[in-house]
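# turn this into a structure:
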Amino acid sequence: MAGGQDGLLVRVTPEGGEPWLGMFAFGRLGKAGISRVLSMPDPERVCVVARGAGYVVASQDPRSWETVNAVPITEVRALPSAGIVVFANFTELVAYGAEGLRWRTKRLAWDGLKIVEVTERSLIGEYWDIRDEAMQRFEVDLATGAQRGGVEG
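This is a model prediction of the structure:
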């Protein structure tokens, strides 16, 4: 993480470990960016989203971390039944499971991607299609990331 930046201060108390404080640098969306703290499918990891910048960190060792491979994060959904956390940026989705990055979609939207529904097996979203000047929908399989619809689907 970059030093000398403002960020989200989070206190983590790992099970059976020493508590620690982490300062997670804000993303570049300003106050419009989302901020969340989420459990990950791997119970030894936690996710922090600070105004659109995402970090996955080991709860027992804050020196073990990685950035979320979606920039900026505009939406995030924890889906425990599927064993994943899904992150959206303006144009695509990425999912992390217990093993780390599980899948990434192709481009789904030109801009403004929104998650509108999650079912047992899929995620449904919408976007403004500039070619048709209309809202369009896409569907992504939660297990594989395979997509139906979208600008490259």
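# ranges for the strands of this protein?
7-12, 20-25, 36-39, 45-50, 53-58, 65-67, 75-79, 84-88, 93-97, 100-104, 114-118, 122-129, 134-141, 147-149 (DSSP state E).
# what helices or strands is the first one leaning on?
Strand 7-12 sits against strand 20-25, strand 45-50, with contacts defined as 3 or more Cβ pairs under 8 Å, 6 or more residues apart in numbering; DSSP states H and E. C-beta coordinates here come from the backbone N, C-alpha and C atoms, glycine included.
# so the first one versus strand 45-50, what angle?
Put plainly, it is strand 20-25. Angle between the axes of strand 20-25 and strand 45-50 is 40 degrees (criterion: axes from the mean of the first three to the mean of the last three Cα atoms, to 10 degrees).
# just checking, what packs against strand 20-25?
strand 7-12, strand 45-50, strand 53-58.
# chain center to that strand, what's the gap?
Remark: strand 20-25 is offset 18 Å from the chain centroid, using Cα atoms, centre = their mean, to the nearest Å.
# sorry, back to before: so which of the strands of the chain is the most surrounded?
strand 84-88 (a mean of 24; mean count of other Cβ atoms under 10 Å).
# which other helices and strands does that strand contact?
Using 3+ Cβ pairs under 8 Å, 6+ apart, the elements in contact with strand 84-88 are strand 75-79, strand 93-97, strand 114-118.
# coming back round to it: adding mean pLDDT and distance to residue 24, write the helices and strands packed on strand 20-25 out as JSON lines.
JSON lines is the format used below for these (pLDDT from 0 to 100; distance: least, Cβ to Cβ, whole Å):
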{"stretch": "strand 7-12", "mean pLDDT": "96", "distance to residue 24": "5"}
{"stretch": "strand 45-50", "mean pLDDT": "98", "distance to residue 24": "4"}
{"stretch": "strand 53-58", "mean pLDDT": "98", "distance to residue 24": "5"}
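# hang on, residue 147 packs against residue 140?
Yes. With contact defined as Cβ atoms under 8 Å, residue 147 and residue 140 form a contacting pair (4.9 Å).
# shared neighbours of these two, which are they?
Shared contacts of residue 147 and residue 140 (Cβ atoms under 8 Å, 6 or more residues apart in numbering): 105, 108.
# need the helices and strands packed on strand 20-25 in a markdown table with distance to residue 131, can you?
Listed next are the helices and strands packed on strand 20-25 as a markdown table, based on distance: least, Cβ to Cβ, whole Å:
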| stretch | distance to residue 131 |
| --- | --- |
| strand 7-12 | 38 |
| strand 45-50 | 31 |
| strand 53-58 | 30 |
